[in-house]
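A.B. asks: Quick one, what's the 3D model for this:
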Amino acid sequence: VRFNRPVIEFGVETRRFGRAAGGSPAAEAHVRYTAHQLMSKAAQTIDRVIRAGLAPSLKAAGFKKQARNFHRAHDQRTDIVNIQASRWNEGASGSFTMNVGVYFPEVAAVAGSPPAPSIPKEYHCLVRSRIGRLMPARTDLWWDVDDEADVEALAKQVTEAWEEFGKPWLEVVSSYSGARTELISQKGYFAAAAVSIVMNEREQAESLIPNALRQQPLAADRIREWAASQRLAVPSAV
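C.D. replies: Alright, predicted model coming up:
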């Protein structure tokens, strides 16, 4: 049985059920207790790690928490930090990682992306990264939990990863120019072109189209249509 993602969804639904069933404090407390009991031990340990370090650090930085997602809204963007549990977590054993990203609604609209909800998730973000890719080793870092997990030590590691690597990276990509530079480094040329349109730098957007076509050949027709809709010169061949 793979509890992780269904448990998160069940937690949301049970809270709704508690309100629908009368919404009394006692009823909602019972629902929360039931959901907690159904969570795997690994999920409970991960939540303890978050509460012990990362959550207070993010709150101090202006983030608001919703389950394992943290968001910080600004006029032109929303910063996102997400804790992702492995889909293979079971019982007391499991692992988790951290994702960070920035959602720019104006750029998403220019790129033709479906609108995100009022509180975007990490996968809606224009530019995003796993925390391990931002650290010196440049690997996909996952923290392990089990019955003997040292919650305080793990909380310290996760919080330090955020403060030393995740937070500075978000600051760099929080501007359009910083986001575009990061996207180009990730070979996200189409998204970088959309950023350039928002920045009113049409020549830069135009220069990115050949790279976008080479990088995403299966999306070539869509990229050409988009470029034409933005009145950008579209190369006949790349």
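A.B. asks: what sits against Gln230?
C.D. replies: Contacts of Gln230 were listed using Cβ atoms under 8 Å, 6 or more residues apart in numbering, and they are Val110, Ile197, Arg202, Ala205. C-betas here are computed from N, CA, C, even on glycine.
A.B. asks: Ramachandran angles for it?
C.D. replies: The phi and psi values for Gln230, taken as degrees, to the nearest 10, are phi -90, psi 10.
A.B. asks: can you tell me how far it sits from Ser93?
C.D. replies: As for Gln230, its distance to Ser93 is 50 Å (criterion: Cβ to Cβ, to the nearest Å).
A.B. asks: Can you show me the strands along this structure?
C.D. replies: Secondary structure of the chain, counting by DSSP state E: strands at 64-66, 69-73, 78-85, 94-103, 127-130, 143-145.
A.B. asks: The longest one pairs with which strands?
C.D. replies: Pairing partners of strand 94-103, with direction, according to DSSP bridges: strand 78-85 (antiparallel), strand 127-130 (antiparallel), strand 143-145 (antiparallel).
A.B. asks: how about the ones you listed in a markdown table, adding mean neighbour count and distance to Leu213?
C.D. replies: Listed next are those as a markdown table, based on neighbours: other Cβ atoms under 10 Å; distance: least, Cβ to Cβ, whole Å:
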| stretch | mean neighbour count | distance to Leu213 |
| --- | --- | --- |
| strand 78-85 | 22 | 29 |
| strand 127-130 | 22 | 21 |
| strand 143-145 | 19 | 39 |
